[in-house]
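Novice: got a predicted structure plus its sequence, pasted below:
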Amino acid sequence: MLRSKKLSFRLVPASAMLAIAAVCWSPVASAGALTDYLKYTIGVDTTTNITSDDRANNLWKPTTTGVAYEVVDNSSGNLRTGAGYGGQPYDLEALYVQKSGSSLIITGVAGANPLMYACPNGTSCPAISPTFGMGDFFLGSLSGSTYSPKIGVETTGQNFTMNSSGNTAGYTTPLTAGKLVNLGGSVTTTGPTTGTTSSPQGWETGLANWNNVPAPSQIATSGYTPNTSTSAAMAYELLAGNHYIYQATITNFALLGLGNDITVHWGEICGNDWLRTTANVPLPSSLALFLLGGAGLAAGTRRRRV
């Protein structure tokens with residue numbers, strides 16, 4: 001069940017933000033900056049049954065107020081082209097969205113290694129066979145059952161291709177990790193196994209023929225335009241066991257012009273599993289900005305008169 005909570009304006013401590021920005025990939029299952037973010041900043045249990053592929057959903061729920069989230073942890077069974085189909089590498093556990101000052105922090109936990117192909121600083125990546133590709137973050141609007149992606153955030157820098165079995169067959173690198181692009185089109189899910197897609201511009205739907213669930217999966221190799229209004233930074237970390245953390249920090253997210261309610265979508269590139277949650281992130285109104293500017297002007301006038 002999708003749960004959404006209004007985001008507060010509580011600031012994440014500067015030390016925590018610096019730690020998040022400085023994170024790098026490590027194959028060791030020890031606490032790092034992103035694990036600490038989950039544990040200390042948004043209050044997720046990072047200990048209980050953490051090495052188990054399937055944890056109780058309540059263990060993934062944040063206890064910090066002001067965090068929008070959806071959690072569905074299930075790697076067994078055939079539930080739809082959604083949670084659980086295909087085993088742990090195809091499973092997404094949790095998606096969190098938090099406003100921190102002028103930044104928007106999107107954090108996901110999944111069973112697929114984010115750096116199976118390209119690792120930072122020329123380091124070697126662990127071999128995974130068969131391979132599984134992680135999808136990208138999408139920011140957009142939700143109206144009833146219709147989701148309209150507006151902005152795509154490239155999570156890994158790779159655009160994955162798949163074979164007829166749904167395994168990753170190869171990849172290209174049209175974008176760098178953290179790249180923001182403008183998108184268009186919409187997807188309507190009328191039920192757990194049916195849906196329609198309308199003119200996807202710059203994004204793909206994965207294996208939409210699997211029960212015809214056209215959930216956005218990854219940024220396409222073409223059809224988008226770069227968004228240069230602001231920037232995003234991607235970070236990754238092994239949480240424990242087969243749980244990996246993906247995090248995008250979008251600075252000055254108000255410049256994206258998405259409005260107050262931002263629906264974030266994340267899924268596997270094959271479309272097997274996806275999570276979606278709506279965060280309410282009130283932006284300064286033009287009136288508030290006007291009054292703030294007026295107050296500053298008045299203060300400056302008073303100073304000149306002293």
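Specialist: Perfect, I can see it now. Residues are numbered from 1 along each chain as shown.
Novice: how about Gln98, what does it touch?
Specialist: By C-beta atoms under 8 Å, 6 or more residues apart in numbering, the contact set of Gln98 is 7, 12, 41-42, 66-68, 104-105, 107, 279. Where you see a C-beta, it was placed from the backbone N, CA and C, and this is true even at glycine.
Novice: of all these, which comes closest to Tyr90?
Specialist: Using C-beta to C-beta, Thr107 is the member of the contacts of Gln98 that lies nearest Tyr90, at 19.4 Å.
Novice: on the strand side of things, show who the closest one bridges to.
Specialist: With DSSP bridges as the criterion, Thr107 is bridged to Tyr96, Gln247.
Novice: so where's the stretch 201-306 of the chain shaky on pLDDT?
Specialist: Within the stretch 201-306 of the chain, the set of residues satisfying pLDDT under 70 comprises 207-213, 283-306.
Novice: can you rerun that using 80?
Specialist: For the stretch 201-306 of the chain, residues meeting the criterion pLDDT under 80 lie at 206-214, 270-272, 282-306.
Novice: backbone dihedrals for Ile50, please?
Specialist: Here is the backbone geometry of Ile50 (degrees, to the nearest 10): phi -70, psi -20.
Novice: count of neighbours near it?
Specialist: 15 (other C-beta atoms under 10 Å).
Novice: what's it in contact with, if anything?
Specialist: Neighbours of Ile50 in contact, by C-beta under 8 Å, 6+ apart: 239-241, 243.
Novice: wait, which of the contacts of Gln98 is closest to Ser217?
Specialist: Using C-beta to C-beta, the contacts of Gln98 come closest to Ser217 at Thr107, 19.0 Å.
Novice: rewinding a little: restricted to strands, list the contacts of Gln98.
Specialist: Counting by DSSP state E, those place 67-68, 104-105, 107, 279 in strands.
Novice: re the thing from before, now the contacts of Ile50 in JSON lines, with secondary structure, neighbour count and distance to Tyr37?
Specialist: Listed next are those as JSON lines, based on DSSP: H, G, I helix; E, B strand; the rest coil; neighbours: other C-beta atoms under 10 Å; distance: C-beta to C-beta, whole Å:
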{"residue": "Leu239", "secondary structure": "strand", "neighbour count": "22", "distance to Tyr37": "11"}
{"residue": "Ala240", "secondary structure": "strand", "neighbour count": "16", "distance to Tyr37": "15"}
{"residue": "Gly241", "secondary structure": "coil", "neighbour count": "15", "distance to Tyr37": "18"}
{"residue": "His243", "secondary structure": "strand", "neighbour count": "25", "distance to Tyr37": "14"}
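Novice: determine which two of the residues you listed are furthest apart.
Specialist: Going by C-beta to C-beta, the pair spanning the contacts of Ile50 furthest: Leu239 and Gly241, at 7.6 Å.
Novice: good, we can wrap up now.
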